[in-house]
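*Asks:* Sharing a model prediction with you, sequence too.
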Number of protein chains: 2
Amino acid sequence: MDIHSADWIDEVAFSGDGLIPAIAQDHKSKRVLMVAWMNREALLESVNTGYAVYWSRSRQSLWKKGEVSGYTQRIHEIQLDCDSDLLILNVEQTGNIACHTGRNSCFFRKLTPDGWQEFEPVLQDPRELYKNG
Amino acid sequence: MDIHSADWIDEVAFSGDGLIPAIAQDHKSKRVLMVAWMNREALLESVNTGYAVYWSRSRQSLWKKGEVSGYTQRIHEIQLDCDSDLLILNVEQTGNIACHTGRNSCFFRKLTPDGWQEFEPVLQDPRELYKNG
């Protein structure tokens, strides 16, 4: 996206460690797919390329979603909350798989009288997801 | 909800400070309304009463959503993510107002070529929301 306003990034309230949580939501089904972190560079890269780029806290590096699995997220819209410290990305999820378990969403368990129960199928064997990684 | 399983709460990965983020989503429109924190007690209270109870970090106390404004959240479903460290609450939002600004959702700004722009109306004057608080 080409943004004329120069100060939009300064309105984002990154936390003390320079990060902000981003909720990725399917732009059609509205399903919440996953939550990950962005730093300033990841957000700028996401806006500039139109694809979700996160900050991996474990690897301490930029992480283009799908760079290994191929399951990228094309961004349709970015929303900011009232405190400016949370983002929503409305995305088109390639392959319909956002979770590293091979499911559509990371939220695949719900609370029932018998405890947490899975309600969502594995679409692809997770060993296949990262075979090139 | 009456849960027979005793150990469901122990499967939830509260962080070092005993908290977990909870994303409240409208159970019908699927709109993400807000994100707040829960501790163990808040989650148990939410499950037992069927209404969202959060942990206020600023007040360091349990906070029943809507206790002042009247805009409570009736819980339809609770979901847990693959890392067990994030919750989604699918809720029925009383009055359709979840945000302290008097809007349906806290996510009322989106990124445009001219920067962040509000796209959602204020349904009630925020001064009216907390007049009894």
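*Replies:* Arrived safely. Numbers count the residues shown, from 1 in each chain, chains lettered A, B, ... in the order given.

*Asks:* can you tell me which residue is nearest the centre of chain A?
*Replies:* residue A:24 (4.2 Å; Cα atoms, centre = their mean).

*Asks:* and residue A:25, what helix or strand is that in?
*Replies:* Using DSSP states H and E, residue A:25 maps to strand A:20-26.

*Asks:* Check which residues of the helix or strand of chain A with the lowest mean pLDDT are buried.
*Replies:* Lowest mean confidence among the helices and strands of chain A (mean pLDDT, DSSP states H and E): helix A:126-129, at a mean of 88. Neighbour-count burial for helix A:126-129, counted by 16 or more other Cβ atoms under 10 Å in any protein chain shown, picks out residue A:129. C-beta: built from backbone N, CA, C; applies to glycine.

*Asks:* That one vs chain B: in contact?
*Replies:* No - Helix A:126-129 is not in contact with chain B by Cβ under 8 Å from any Cβ of the partner chain; minimum separation 10.2 Å.

*Asks:* quick revisit: right, and the residue nearest to the centre of chain A touches residue A:87 too?
*Replies:* No - at 9.3 Å, residue A:24 does not count as touching residue A:87 under the criterion of Cβ atoms under 8 Å.

*Asks:* Low-confidence ranges, chain A, go.
*Replies:* Low-confidence regions of chain A, defined by pLDDT under 70, span residues A:132-133.

*Asks:* Just give me the longest helix of it.
*Replies:* helix A:40-49 (DSSP state H).

*Asks:* contact partners of the next helix or strand along the chain from that one?
*Replies:* Later in the chain than helix A:40-49, the nearest helix or strand by DSSP H and E is strand A:53-56. The contact list for strand A:53-56 (Cβ atoms under 8 Å, 6 or more residues apart in numbering or on different chains) reads A:19, A:22, A:36-39, A:41-42, A:45-46, A:61-65.

*Asks:* what's near enough to touch residue A:48?
*Replies:* Contacts of residue A:48 by Cβ under 8 Å, 6+ apart are residue A:1.

*Asks:* what about it, distance to residue A:2?
*Replies:* Here residue A:48 is placed at a distance of 9 Å from residue A:2 (Cβ to Cβ, to the nearest Å).

*Asks:* quick revisit: how far is the least confident helix or strand of chain A from where the chain is centred?
*Replies:* Helix A:126-129 sits 19 Å away from the centroid of its parent chain (Cα atoms, centre = their mean, to the nearest Å).

*Asks:* which residues are contacting it?
*Replies:* A:68, A:69, A:71, A:97, A:100, A:101, A:102.

*Asks:* What is the strand holding residue A:25 packed up against?
*Replies:* strand A:32-38, strand A:87-93, strand B:32-38 (3 or more Cβ pairs under 8 Å, 6 or more residues apart in numbering or on different chains; DSSP states H and E).
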